[in-house]
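[1] next input, structure requested:
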Amino acid sequence: MKEKLTFYYGSMAGGKTTRIFQMLYVLENNDQQVLVIKSAKDTKGNDEIINRQQEKRKVDILLHPNEKLLSEENIEKILVCNHIIVDEAQFLDPKQVEELWVINKKLNVGVTCFGLRSNFKADYFPGSARLFAMADEVKMIETNALCSCGSPAVFNARQIDGKFAMDGEEIEIDGKNKRITYQPLCGECFYNKVYCKDKIKKYKNK
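    This next block holds a predicted model:
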């Protein structure tokens, strides 16, 4: 059977990491050797993946920016695994996504990535964009978060001191800066609460 490269995406607080623990349970109970990877850009939990229920799992590979996944240090782990799971895949470099694709196609190892589609400005993360281009399957997580209005959330809005903002560094990890929080929003609420107000603010500042 040909294994696939799959990308599951959702908004923040959408249950991505909990889905990973469920998948790990199923695979490992079926004697599958699973390799867990996350980007070092995700400093939450350091070398562990952690969900909101405080379940923890140490990753097998903590992948730093510009680091090659197909390195001498990692290749032995890759060759003996049956499946690769990647948490916070949006933080991967595009070349690292391509390496996952090569592993999947050359070694026929299943690769499942979980992450966000877009950043707080509604722009694709580079890693997510490459996954959308190269993955065999791209799926929105069924248990994704809901917007405050009750609609399915699509966007990850950033708040600074309780006010929505579209300025700042692309990566600000949830919980690391107490001034910064994130709120999952549907398209209509993102437009009304964030996008329009940002456009008006910029117009007034001209």
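[2] buried ones in stretch 77-85, by neighbour count?
    78, 81-85 (16 or more other CB atoms under 10 Å). Yep, even glycine has a C-beta here, placed from its N, CA and C like the rest.
[3] next, give phi and psi for Glu76.
    phi -60, psi -40 (degrees, to the nearest 10).
[4] any idea how far it lies from Leu63?
    Plainly put, Glu76 is 16 Å away from Leu63 if you go by CB to CB, to the nearest Å.
[5] between those two, which has more neighbouring residues?
    Counted by other CB atoms under 10 Å, Glu76 and Leu63 do not tie: Leu63 has more neighbours, with 23 against 9.
[6] okay, now the domains of the chain?
    Segmentation of the chain into domains, based on automatic domain parsing, reads 5-140, 155-204.
[7] looking at those domains, which one is packed in the most?
    Burial of the domains of the chain is given as mean neighbour count (mean count of other CB atoms under 10 Å); domain 5-140 ranks first at a mean of 18.
[8] quick check: mean pLDDT across it?
    Averaging pLDDT along domain 5-140 gives 93.
[9] centre of the chain versus it, how much separation?
    8 Å (CA atoms, centre = their mean, to the nearest Å).
[10] just the endpoints, please. Distance across it?
    15 Å (CA to CA, to the nearest Å).
[11] redo the buried residues of stretch 77-85 as JSON lines? Include secondary structure and distance to Gln22.
    Below are the buried residues of stretch 77-85 laid out as JSON lines (DSSP: H, G, I helix; E, B strand; the rest coil; distance: CB to CB, whole Å):
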{"residue": "Ile78", "secondary structure": "helix", "distance to Gln22": "23"}
{"residue": "Cys81", "secondary structure": "coil", "distance to Gln22": "19"}
{"residue": "Asn82", "secondary structure": "coil", "distance to Gln22": "17"}
{"residue": "His83", "secondary structure": "strand", "distance to Gln22": "14"}
{"residue": "Ile84", "secondary structure": "strand", "distance to Gln22": "16"}
{"residue": "Ile85", "secondary structure": "strand", "distance to Gln22": "11"}
